[in-house]
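Engineer: the following block contains a protein sequence and its predicted model.
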Amino acid sequence: MTNDSNNTNGTAIAPIGLLAGKVVFITGASRGIGAAAARLFAAEGAAVVLAARSMDALERIVTEIRAGGGIADALPLDLADRANIRVAVDRVEELHGRLDGAFNNGAVPQQQPGPVEITSDEDIDEQFTVNFRSHWTAMTAEAALMRRNGGGAIVNTSSIGSRRANPALPAYGAMKRALNSLTETAAVSWAGDRIRVNGITPGGTATEMIDTWEAATPGIVEQITAMTPLGRMAEPRQIAEAAAWLLSDRASYVTGAILPVDGGAGA
């Protein structure tokens, strides 16, 4: 078990079957939080369907999960393509006949970090398309499948940057804040269908996206770490643990929540 499976006290967390018997669809599953979620959810008993653009990376994760006795499949997914998203969800139904949980985690970083006035139209368009509209499309397709089988749970990955002013990443923060609103609205709209919808707002997490931001703005990792009361960046699996709980029956009375998973940085 790797270090990112540890809790704040450094004690290894053993799987407990939190998602046993569930079919869970994960977007952005080829790296970072999504890849950690794929491994964790499978270890917790879920049959996972992983989706991203990088099929090579997905297939490596699928092979790893299957070698450990888990159930996993990989699907190509371009979050900028609405039809492709719907096809992917249809494919989940073909593979398993139902969908119990969805972790909408895929996202792209803002290409040009910096203030509002220098943010390009292209950056705004990409942020809207991938970090907001794709979730809307995915959620509606996922909910339609869940509705046919008695309900389910959806978790959307937002960001700590959605909860306050975000001068360095204005387009990214704006779309993530819009996603929070959509998450809450969907939770209320679909409660009668027994579909729970929640979001998580990770703080600084050791992923490729942070590496990209650090390359564009040297020192940002040190700055984020200094602003985090727990004194360190999160490992991807620590974020995935929160999503796993929200997708599980242990969170059966939780819907419409936007859960901070940020080491206290937003407090």
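Structural biologist: Thanks, I have the structure now. Residues are numbered from 1 along each chain as shown.

Engineer: A strand includes residue 253, no?
Structural biologist: No - judged by DSSP: H, G, I helix; E, B strand; the rest coil, residue 253 forms no part of a strand; its state is coil.

Engineer: that one and residue 109, how far apart?
Structural biologist: To residue 109, residue 253 is 34 Å away according to Cβ to Cβ, to the nearest Å. All C-beta spots, glycine's among them, are computed from the backbone N, C-alpha and C.

Engineer: more crowded one of these two?
Structural biologist: Comparing residue 253 with residue 109 by neighbour count (other Cβ atoms under 10 Å), the higher total belongs to residue 109, at 20 against 6.

Engineer: correct me if wrong: the more buried one contacts residue 172.
Structural biologist: Yes - counting by Cβ atoms under 8 Å, residue 109 touches residue 172, with 7.0 Å between them.

Engineer: list the buried residues for stretch 66-78?
Structural biologist: Within stretch 66-78, the residues scored as buried using 16 or more other Cβ atoms under 10 Å are 70, 71, 72, 73, 74, 75, 77, 78.

Engineer: can I get the residues you listed in TSV including pLDDT, distance to residue 184 and secondary structure?
Structural biologist: Formatted as TSV, the buried residues of stretch 66-78 follow (pLDDT from 0 to 100; distance: Cβ to Cβ, whole Å; DSSP: H, G, I helix; E, B strand; the rest coil):
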residue	pLDDT	distance to residue 184	secondary structure
70	98	33	coil
71	98	32	strand
72	98	31	strand
73	98	31	strand
74	98	31	strand
75	98	28	strand
77	98	25	coil
78	98	27	coil
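
Engineer: that's a strand at residue 154, yeah?
Structural biologist: Yes - assessed with three-state DSSP, residue 154 lies in a strand.

Engineer: contacts only, for it.
Structural biologist: Residues near residue 154 by Cβ atoms under 8 Å, 6 or more residues apart in numbering: 101, 102, 104, 139, 142, 143, 146, 186, 195, 196, 197, 198.

Engineer: the last one should be in a strand, yeah?
Structural biologist: Yes - secondary structure of residue 198 (three-state DSSP): part of a strand.

Engineer: got the phi/psi numbers for residue 266?
Structural biologist: Backbone geometry at residue 266, expressed as degrees, to the nearest 10, gives phi -90, psi 0.

Engineer: before we move on, the earlier item: need the buried ones from the contacts of residue 154 selected in ChimeraX.
Structural biologist: Per 16+ other Cβ under 10 Å, the buried members of the contacts of residue 154 correspond to this ChimeraX selection:
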select :101,102,104,139,142,143,146,186,195,196,197,198
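
Engineer: so which of the contacts of residue 154 sit within strands?
Structural biologist: 101, 102, 104, 195, 196, 197, 198 (DSSP state E).

Engineer: dump the residues you listed to a markdown table, plus pLDDT and distance to residue 249.
Structural biologist: What follows is the ones in strands among the contacts of residue 154, written out as a markdown table (pLDDT from 0 to 100; distance: Cβ to Cβ, whole Å):
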| residue | pLDDT | distance to residue 249 |
| --- | --- | --- |
| 101 | 98 | 10 |
| 102 | 98 | 15 |
| 104 | 98 | 20 |
| 195 | 98 | 14 |
| 196 | 98 | 10 |
| 197 | 99 | 16 |
| 198 | 98 | 14 |
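
Engineer: and those, which is closest to residue 49?
Structural biologist: Ranked by distance to residue 49 (Cβ to Cβ), the ones in strands among the contacts of residue 154 are led by residue 102 at 9.4 Å.

Engineer: what sits against the residue sitting nearest the centre point of the chain?
Structural biologist: Per Cα atoms, centre = their mean, the C-alpha nearest to the average position across the chain is that of residue 105, at 2.5 Å. Neighbouring residues of residue 105 by Cβ under 8 Å, 6+ apart: 26, 27, 28, 29, 33, 34, 37, 156, 157, 243.

Engineer: how many neighbouring residues does the second one have?
Structural biologist: I take that to be residue 27. By the criterion of other Cβ under 10 Å, residue 27 has 29 neighbours.

Engineer: now the closest residue in space to residue 62 that isn't next to it in sequence: how far from residue 138?
Structural biologist: In space, and not counting its chain neighbours, residue 62 is closest to residue 72: 4.4 Å by Cβ to Cβ, 6 or more residues apart in numbering. Look at residue 72 and residue 138: by Cβ to Cβ, they are 19 Å apart.
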